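In: Sharing a model prediction with you, sequence too.
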Amino acid sequence: MQLGVFVSLEDGPRVMAHVRELGFATCQVGCWNTARMTQEAARELRQSADAAGVEITTLWAGAPGAYVWNFIDGPRSIGLVPPGTRTQRLEALKHGSDFACWVGLPSITTHVGFIPENPDDAQYAPVVAVLRDLAAHCQTNGQQFWFETGQETPITLLRTIQDIGLDNLGINLDPANLLLYGKGNPVDALDVFGPYVRGVHAKDGEYPTNGRELGQEKPLGQGRVNFPALLARLRTLGYAGALTIEREISGDQQIADIQAGKAFLERLLAEA
Ligand code: MG
């Protein structure tokens, strides 16, 4: 398992060199701004990644409109679940897939939202249909579509993947998100959807302690994720993808936490 770091397309032209300077050979690139995803930007990203010797494992694509990361406004604002923004966001994510194709990337990843737990919910079938449309578009670009874990339970995610029924679907496991959203223990989640995991965010955090707000994200090794057990389970599943460190703060402390997280993971991988 190679280590990586999560960066943004909007971090500027030196972002790939910065990934290499931090000591990583892989990264995921996030972008929420569709207007930034031009053919020229794709050419520049490809050239700078090649020059730095960095492998980009996925484009983490956001979509327009407000996303609110809590339990009250989240279900009506995140991803492809809210019907009012669904068509606009589908088109934006298809554009993200096209951009990833121009860069030559093997997958795109996104949060699809609070997928209904009940398969009889009136929104479940339309959500499956829009995801099938998006994943089919990725397939024509020779890509996989990866679900970022978070807003849904592991069994709902597995059911959704099975109901979409395409063979280019995978999961970007964010173990902290399963805790932050109170949706499951990330190690146990691998018993449910483990064979679908194609990417992993190395992120840590705590369970929520009230019914409205997510649990708190923490620096790697300081939260509730049992990384020794998680890495051991990923290894038995034959996972050979990247461990991409994601620290959702900014500034000098983010860099310090990423460096400490890298040392933490290197120690665990060496012990194993
Ligand atoms: Mg994540």
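Out: Received it, and whenever you're ready, just let me know what you need.
In: what residues does the stretch 51-200 of the chain put near the ion?
Out: Listed as neighbours of the ion in the stretch 51-200 of the chain under the rule C-beta under 5 Å from the ion: Asp174. Heads up, the C-betas are built off the backbone N, CA and C, glycines and all.
In: mind running it again at 6 Å?
Out: 148, 174, 177 (C-beta under 6 Å from the ion).
In: Which ones among those residues map onto strands?
Out: Glu148 (DSSP state E).
In: Now rank the residues of the stretch 51-200 of the chain next to the ion by neighbours and give me the top one.
Out: Asp174 (26 neighbours; other C-beta atoms under 10 Å).
In: Let me know whether it touches Gly205 as I believe.
Out: No. In this structure, Asp174 is not within contact of Gly205 by C-beta atoms under 8 Å, at 9.3 Å.
In: ok, back up a step: of the residues of the stretch 51-200 of the chain next to the ion, which is the nearest to the ion?
Out: Asp174 (3.5 Å; C-beta to the ion).
In: now that closest one, nearest residue through space, not along the chain?
Out: Using C-beta to C-beta, 6 or more residues apart in numbering and skipping the chain neighbours, the partner closest in space to Asp174 is His201 (4.0 Å).
In: just checking, the one you found is part of a strand?
Out: Yes. Remark: His201 belongs to a strand, assigned using DSSP: H, G, I helix; E, B strand; the rest coil.
In: Now do it against the ion, distance only.
Out: 4 Å (C-beta to the ion, to the nearest Å).
In: give me every residue that touches that residue.
Out: 6, 148, 172-177, 244-246 (C-beta atoms under 8 Å, 6 or more residues apart in numbering).
In: please redo it, this time with the cut-off set to 6 Å
Out: Contact partners of His201, counting by C-beta atoms under 6 Å, 6 or more residues apart in numbering, are 174, 244, 246.
In: Surely the first one touches Thr149?
Out: Yep, that's Asp174 we're talking about. Yes. Here Asp174 reaches Thr149: they are 5.1 Å apart, a contact under C-beta atoms under 6 Å.
In: Which neighbours do these two have in common?
Out: Joint contacts of Asp174 and Thr149 (C-beta under 6 Å, 6+ apart) do not exist.
In: Averaged pLDDT, stretch 137-146. What do you get?
Out: Across stretch 137-146, pLDDT averages out at 98.
In: can you offset everything so residue one is 375?
Out: Okay, using 375 as the starting number, the last item reads as stretch 511-520.
In: Ends of that stretch, what's the gap?
Out: Terminal residues of stretch 511-520 are spaced 13 Å apart (C-alpha to C-alpha, to the nearest Å).
In: List of residues touching that stretch?
Out: With C-beta under 6 Å, 6+ apart, stretch 511-520 has contacts from 468, 471, 475, 481, 483, 509, 542-544, 546, 572-573.
In: One more: stretch 530-548?
Out: For stretch 530-548, with C-beta under 6 Å, 6+ apart as the criterion, the contacting residues are 483, 489, 491, 502, 505-506, 509, 513, 518-523, 566-567, 570-575, 577.
In: before we move on, what about stretch 485-504?
Out: 449, 452-455, 460, 464, 522, 524-526, 530, 534, 537-538.
In: Report the buried residues of stretch 377-393.
Out: By neighbour count with 16 or more other C-beta atoms under 10 Å, stretch 377-393 contains the buried residues 377-383, 389-390, 392-393.
In: And stretch 418-437, by the same measure?
Out: Buried, per 16+ other C-beta under 10 Å, within stretch 418-437: 419-420, 422-423, 426, 428-437.
In: residue boundaries of the helices in the stretch 475-624 of the chain?
Out: 498-514, 528-538, 549-554, 560-567, 601-610 (DSSP state H, counting those that start in this stretch).
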